[in-house]
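J.: how does the following fold in three dimensions:
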Amino acid sequence: MVIIQFLSKRLNRLGSLLIVRIMTYPRIRHLSENSLIMDMSKKLDAELCPQIAALAEAAHNELTGVIESVPCATSVYIEFNPLEVDPTVISERLHAMFSNISGHALNVETVTLPCYYSPDVAPDLLALAEEKKMTFNELISIHSGTTYTVCSIGFAPGFAYLGGLDPRICADRHSTPRQSVASGSVGIAGAQTAVYPRESPGGWQIIGNCPLPLFDIQSDPISPLSHGMQVRFEPIDRQTFIQKGGKLP
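T.: Model (predicted):
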């Protein structure tokens, strides 16, 4: 009985330590012999995104053997050459680099995007304002008065998920996505906002349109937005929208 009680206590302690280790961030997950992911958080945290971007850049520029580093919403993906570097070394260096990054203030670039908030180009603007029991001018003021953070880029080339949306205007996606959403459409989905860089299907609530190109393979950079950047929207009128290249339906 004494032996059983002793083993039970040891197993409980081991289980507790395992849980603590699993829940501790940042943490490394090895995906294969030449790739790993460093998780920074369990949930999306817009304030952490600039640090994730800085870590991905530092890993690519400073770590021997790293082939590619990709910043994600809550993690950094690393692909490396196992013939050049031991994965244990990469893990140790990543932890040290993140500790250094998180201990310093980062110089985060802010990009301002013009946005034409009008039913002319925003089929959901009036309905969403009514749902939120506010005027569409109040909705516009809230949306354009917030500073957002690029938390990830995906779904389509140049499609940046912007975190930090004011809870007062958060909205669910449409239950049935539209087959076609116009290029430049500014939408809301959940607690994020985004701009559709190209015409595509989509289910976000459309409240405006940005006339600037957000993905051009011939440009350098190909998109003005990158992971960790901050973004603001500047309301413009119909004439300015057209002058900047915006197209009306």
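
J.: and residue 231, how far is that from residue 162?
T.: The gap separating residue 231 from residue 162 is 6 Å, by C-beta to C-beta, to the nearest Å. In this view, the C-beta of every residue, glycine as well, is placed from N, C-alpha and C.

J.: and these two? which has more neighbours close in?
T.: Using other C-beta atoms under 10 Å, the more surrounded residue of residue 231 and residue 162 is residue 162, with 27 against 23.

J.: next, the buried residues of stretch 112-119.
T.: 113-118 (16 or more other C-beta atoms under 10 Å).

J.: go on, stretch 143-156?
T.: Neighbour counts over stretch 143-156 (16+ other C-beta under 10 Å) mark 143-144, 146, 148-153, 156 as buried.

J.: three-state assignment of residue 151?
T.: Following DSSP: H, G, I helix; E, B strand; the rest coil, the label given to residue 151 is strand.

J.: which other helices and strands does the helix or strand that contains residue 88 contact?
T.: Following DSSP states H and E, one finds residue 88 within helix 87-102. When contacts are defined as 3 or more C-beta pairs under 8 Å, 6 or more residues apart in numbering; DSSP states H and E, helix 87-102 sits against strand 27-32, strand 35-39, helix 49-62, strand 75-80.

J.: mind giving me the packing neighbours of the last one?
T.: To tie it back to what came earlier, the one meant is strand 75-80. strand 35-39, helix 49-62, strand 66-71, helix 87-102.

J.: 10 Å - rerun?
T.: strand 27-32, strand 35-39, helix 49-62, strand 66-71, helix 87-102 (3 or more C-beta pairs under 10 Å, 6 or more residues apart in numbering; DSSP states H and E).

J.: of the ones you listed, flag the one that's most buried.
T.: helix 49-62 (a mean of 20; mean count of other C-beta atoms under 10 Å).

J.: report all helices and strands that that helix contacts.
T.: strand 35-39, strand 66-71, strand 75-80, helix 87-102, strand 148-153.

J.: okay, angle between that helix and strand 75-80 too, please.
T.: 10 degrees (axes from the mean of the first three to the mean of the last three C-alpha atoms, to 10 degrees).

J.: keeping just the C-alphas, turn helix 49-62 into PDB.
T.: Only the C-alpha atoms of helix 49-62 are listed here, as PDB (Å, rounded to 0.1, in the frame of the first residue of the first chain):
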ATOM      1  CA  CYS A  49       2.200  40.200 -33.400                       C
ATOM      2  CA  PRO A  50       5.000  42.700 -33.800                       C
ATOM      3  CA  GLN A  51       7.300  40.500 -31.600                       C
ATOM      4  CA  ILE A  52       6.400  37.500 -33.700                       C
ATOM      5  CA  ALA A  53       7.300  39.400 -36.900                       C
ATOM      6  CA  ALA A  54      10.600  40.600 -35.400                       C
ATOM      7  CA  LEU A  55      11.500  37.000 -34.300                       C
ATOM      8  CA  ALA A  56      10.800  35.600 -37.700                       C
ATOM      9  CA  GLU A  57      13.000  38.200 -39.300                       C
ATOM     10  CA  ALA A  58      15.800  37.800 -36.800                       C
ATOM     11  CA  ALA A  59      15.700  34.000 -37.200                       C
ATOM     12  CA  HIS A  60      16.000  34.300 -41.000                       C
ATOM     13  CA  ASN A  61      18.800  36.800 -40.800                       C
ATOM     14  CA  GLU A  62      20.800  35.600 -37.900                       C
END
